[in-house]
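K.L.:
Coordinates only, no sequence provided:
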């Protein structure tokens, strides 16, 4: 059984992290899996894939259609078509990959198509002209995997014809990797980022998220205006909105006591587990999600987790972490203060978050994917 995972790039994001994390797990289950990315620009995740090739997945192909360029391009269709002829199953992640694989697979006999729906919503669903295209695109796939119940319900409500070809396989993470990571000490962080002068006397709030339209780093930044000056925000990630978010933070910092030192940008990192373990509080301010891996990772670090009360987040967090109305900076600030001033409450939230994260193991996710592949091939 020869399987190709297809994704637009390996910039930091939940889908990208899931795909890379699944590679060694699927190989361990006997699935011969290769990876194809459209834009193969070097990132922390491309380096991780290269390391996986050398260790746990020897013989795995890592195919980059380009080493730079856009993540959306019609030029990828013929390039991908040439690659697909060697596979039994091709599995697309994210919109660009879904569209490109659907088109590139036309005329290739025997190839089975799978896609994962990584979000509860997207902008296309609110533009009527796209519905006919989506019916065709999703119709090309034998199986559509939703990463949560909400993602599945919303997709089927949008395209009822998909009801009999969808299934739910929740995202998973390596819980112990985050729980056992060593927090950074004062001196170590000075070497990592020259903006950090002192962490021992600060309250550190960390958010890990790509800089995309559905994320909401701005509300986290805005929460600082309601917090004492010993509260600092660390923002991990990068993406298309890099300049916009940095400019927003710079303007916000002008009004803060302590200024720009209270907002630290780390970019994309491979030491996310250690950064999460260094935090006092982990945050996910967002507008909508599928099933956020950053959500699970923050909870796995056994830190109190505060997030926007939106679909995808609510499904995992309600009853465990703290949910705040989306885009409500004051509500986030109130939650941060409550956790910082009530240590018993903070410990209880952190413990419940860890227990919840343990229910989302990447081993279970890989087993679910392997079962889908087996059913389609047989």
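P.N.:
Received it, and whenever you're ready, just let me know what you need. Computed from a prediction, not measured in an experiment: that's the story for all the values here.
K.L.:
Give me the distance between residue 250 and residue 326.
P.N.:
Counting by C-beta to C-beta, to the nearest Å, the gap from residue 250 to residue 326 is 24 Å. The way it works is simple: take the backbone N, C-alpha and C, and place the C-beta from them, glycine included.
K.L.:
Give me the more crowded residue out of these two.
P.N.:
residue 326 (18 against 12; other C-beta atoms under 10 Å).
K.L.:
can I assume residue 18 is in contact with residue 171?
P.N.:
Yes: assessed by C-beta atoms under 8 Å, residue 18 is found in contact with residue 171 at 5.5 Å.
K.L.:
Now do the shared contacts for these two.
P.N.:
Residues within reach of residue 18 and of residue 171 at once, by C-beta atoms under 8 Å, 6 or more residues apart in numbering, are 293, 362, 365.
K.L.:
what about the nearest residue to the first one once chain neighbours are set aside, neighbour count?
P.N.:
Residue nearest to residue 293 in three dimensions, not counting chain neighbours: residue 14, with 4.2 Å by C-beta to C-beta, 6 or more residues apart in numbering. Residues lying near residue 14 (other C-beta under 10 Å) number 26.
K.L.:
So residue 14 sits against residue 286, correct?
P.N.:
No: between residue 14 and residue 286 there is no contact under C-beta under 8 Å: 10.7 Å.
K.L.:
what sits in contact with each of the two?
P.N.:
In contact with both residue 14 and residue 286: residue 292, using C-beta under 8 Å, 6+ apart.
K.L.:
Which positions in the helix or strand harbouring residue 155 come out as buried?
P.N.:
Assessed by DSSP states H and E, residue 155 sits inside helix 149-158. For helix 149-158, a neighbour-count test (16 or more other C-beta atoms under 10 Å) marks 150, 151, 152, 154, 155, 156, 158 as buried.
K.L.:
Just put those residues in TSV and tack on distance to residue 203.
P.N.:
Formatted as TSV, the buried residues of helix 149-158 follow (distance: C-beta to C-beta, whole Å):
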residue	distance to residue 203
150	32
151	34
152	38
154	36
155	39
156	43
158	42
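K.L.:
between those residues, which is nearest residue 23?
P.N.:
residue 151 (22.4 Å; C-beta to C-beta).
K.L.:
that older thread, name the member of the shared contacts of residue 18 and residue 171 with the most neighbours.
P.N.:
Neighbour counts for those (other C-beta under 10 Å) peak at residue 293, which has 25 neighbours.
K.L.:
Kindly provide the distance from that one to residue 73.
P.N.:
In terms of C-beta to C-beta, residue 293 sits 27 Å off from residue 73.
K.L.:
wait, doesn't residue 362 sit right on residue 25?
P.N.:
Yes: using C-beta under 8 Å, residue 362 makes contact with residue 25 at a distance of 6.0 Å.
K.L.:
Give me the residue ranges of the stretch 151-300 of the chain where confidence is low.
P.N.:
Applying pLDDT under 70 to the stretch 151-300 of the chain picks out residues 197.
K.L.:
Now do the helices for it: every range, in order, please.
P.N.:
For the stretch 151-300 of the chain, the helices defined by DSSP state H, counting those that start in this stretch cover 175-179, 186-192, 217-223, 242-253, 272-278, 293-300.
K.L.:
how much distance is there from the shortest one to the middle of the chain?
P.N.:
What that stands for is helix 175-179. The chain centre lies 16 Å from the centre of helix 175-179; the measure is C-alpha atoms, centre = their mean, to the nearest Å.
K.L.:
Which residues does it contact?
P.N.:
Residues outside helix 175-179 that contact it (C-beta under 8 Å, 6+ apart): 273, 276, 277, 297, 300, 301, 302, 354, 357, 358, 360, 361.
K.L.:
Next, format these as CSV and append neighbour count.
P.N.:
Formatted as CSV, the contacts of helix 175-179 follow (neighbours: other C-beta atoms under 10 Å):
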residue, neighbour count
273, 21
276, 26
277, 21
297, 26
300, 29
301, 29
302, 21
354, 19
357, 25
358, 15
360, 21
361, 18
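K.L.:
Farthest pair within these?
P.N.:
The widest separation within the contacts of helix 175-179 (C-beta to C-beta) is 19.2 Å, between 277 and 361.
K.L.:
what's the distance between residue 256 and residue 83?
P.N.:
Look at residue 256 and residue 83: by C-beta to C-beta, they are 50 Å apart.
K.L.:
To clarify, my last question referred to residue 210.
P.N.:
Relative to residue 83, and taking C-beta to C-beta, residue 210 is found at 26 Å.
K.L.:
Between these two, point out the one with more neighbours.
P.N.:
Between residue 210 and residue 83, counted using other C-beta under 10 Å, the more crowded position is residue 210 (23 against 17).
K.L.:
Is the more buried one in contact with residue 15, as I believe?
P.N.:
No: using C-beta under 8 Å as the test, residue 210 is too far from residue 15 to be in contact (9.7 Å).
K.L.:
buried residues in stretch 134-151?
P.N.:
For stretch 134-151, a neighbour-count test (16+ other C-beta under 10 Å) marks 134, 137-138, 140-141, 143-148, 150-151 as buried.
K.L.:
part of a strand, is residue 4?
P.N.:
Yes: Residue 4 forms part of a strand when assessed by DSSP: H, G, I helix; E, B strand; the rest coil.
K.L.:
show me what contacts it?
P.N.:
33, 34, 35, 36, 83, 84, 86, 87, 89, 90, 91.
K.L.:
Now list the buried members of those.
P.N.:
Buried among the contacts of residue 4 by 16+ other C-beta under 10 Å: 33, 34, 35, 36, 83, 84, 87, 89, 90, 91.
K.L.:
How about the secondary structure of the first one?
P.N.:
In terms of secondary structure, residue 33 is strand; the call rests on three-state DSSP.
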